[in-house]
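Asks: sequence plus the predicted model coming up.
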Amino acid sequence: MKIVELAQLGIRPCDISRQLRVSHGCVSKILARFHETGSILPGAIGGSKPRVTTPRVVAHIRELKAKDPGIFAWEIRDRLLAEGVCDKFNVPSVSSISRILRNKIGPLQGHSGSLLDGKRSGGPSPPTALSYPALYGYSPMPSSYAAAAYSA
């Protein structure tokens with residue numbers, strides 16, 4: 001408070017810093033904060049932004065995804081803006097929309113994890129013995145071993 005009082009008496013910031021034995025930057029920072037906010041208390045550090053994913057927005061995202069399961073998150077974001085559900089200040093980011101689709105909505109009915117037969121495999125399918133000779137002209141393992149290893 002002493003810095004502000006001295007400044008209000010008309011004393012220059014450089015003289016205040018010398019008199020109080022603080023840096024000129026400290027005096028400038030406190031005076032700027034006082035002029036902006038009327039207080040010398042520091043502002044809030046960190047914290048979280050206000051939530052933009054209200055239940056209404058989540059419901060609209062769910063509805064858009066149900067109507068068009070192939071819609072991309074950026075397309076959903078554009079639709080939220082175009083349909084007036086959100087404005088440019090509170091529209092969720094593409095990553096937030098992706099997180100909503102992943103965590104709050106989950107996979108839609110009829111969505112399969114595989115393009116082959118609808119079964120989700122535990123990992124990549126093993127290479128066939130025929131794929132190597134066709135590419136390289138030789139087989140990296142004996143055909144009897146390959147047949148035994150991949151016969152299921």
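Replies: Sure, I can see it.
Asks: surely Ile71 touches Ile61?
Replies: No - with contact defined as CB atoms under 8 Å, Ile71 does not reach Ile61; the gap is 9.6 Å. Yep, even glycine has a C-beta here, placed from its N, CA and C like the rest.
Asks: those two: who's more crowded?
Replies: Taking other CB atoms under 10 Å, Ile71 and Ile61 do not tie; Ile61 has more neighbours (25 against 16).
Asks: can you tell me the SS state at Ile71?
Replies: Look at Ile71: counting by DSSP: H, G, I helix; E, B strand; the rest coil, its state is coil.
Asks: who's in contact with it?
Replies: 64-65 (CB atoms under 8 Å, 6 or more residues apart in numbering).
Asks: check contacts around Ser83.
Replies: For the record, residue 83 is Glu, not Ser. Glu83 neighbours (CB under 8 Å, 6+ apart): His60.
Asks: quick check: the gap between it and Arg56.
Replies: Glu83 sits 12 Å away from Arg56, going by CB to CB, to the nearest Å.
Asks: so where do the helices sit in this structure?
Replies: 2-8, 13-20, 24-37, 55-67, 73-82, 94-99, 131-136, 143-150 (DSSP state H).
Asks: just for this protein, where's the confidence low?
Replies: Along the chain, segments meeting pLDDT under 70 span 43-52, 106-152.
Asks: could I get the buried residue list for stretch 27-46?
Replies: 27, 30-31, 33-34 (16 or more other CB atoms under 10 Å).
Asks: and which of these is nearest to Val91?
Replies: Arg33 (31.8 Å; CB to CB).
Asks: please name the nearest non-neighbouring residue to that closest one.
Replies: In this structure, Arg33 finds its nearest non-sequential neighbour in Ile40, 6.0 Å apart by CB to CB, 6 or more residues apart in numbering.
Asks: let me see the contact set for that neighbour.
Replies: Contacts for Ile40 (CB under 8 Å, 6+ apart) come out as 1, 3-4, 30, 33-34.
Asks: equivalent analysis for Ser98, please.
Replies: Ala73.
Asks: how much space separates it from His35?
Replies: From Ser98 to His35 the distance is 42 Å (CB to CB).
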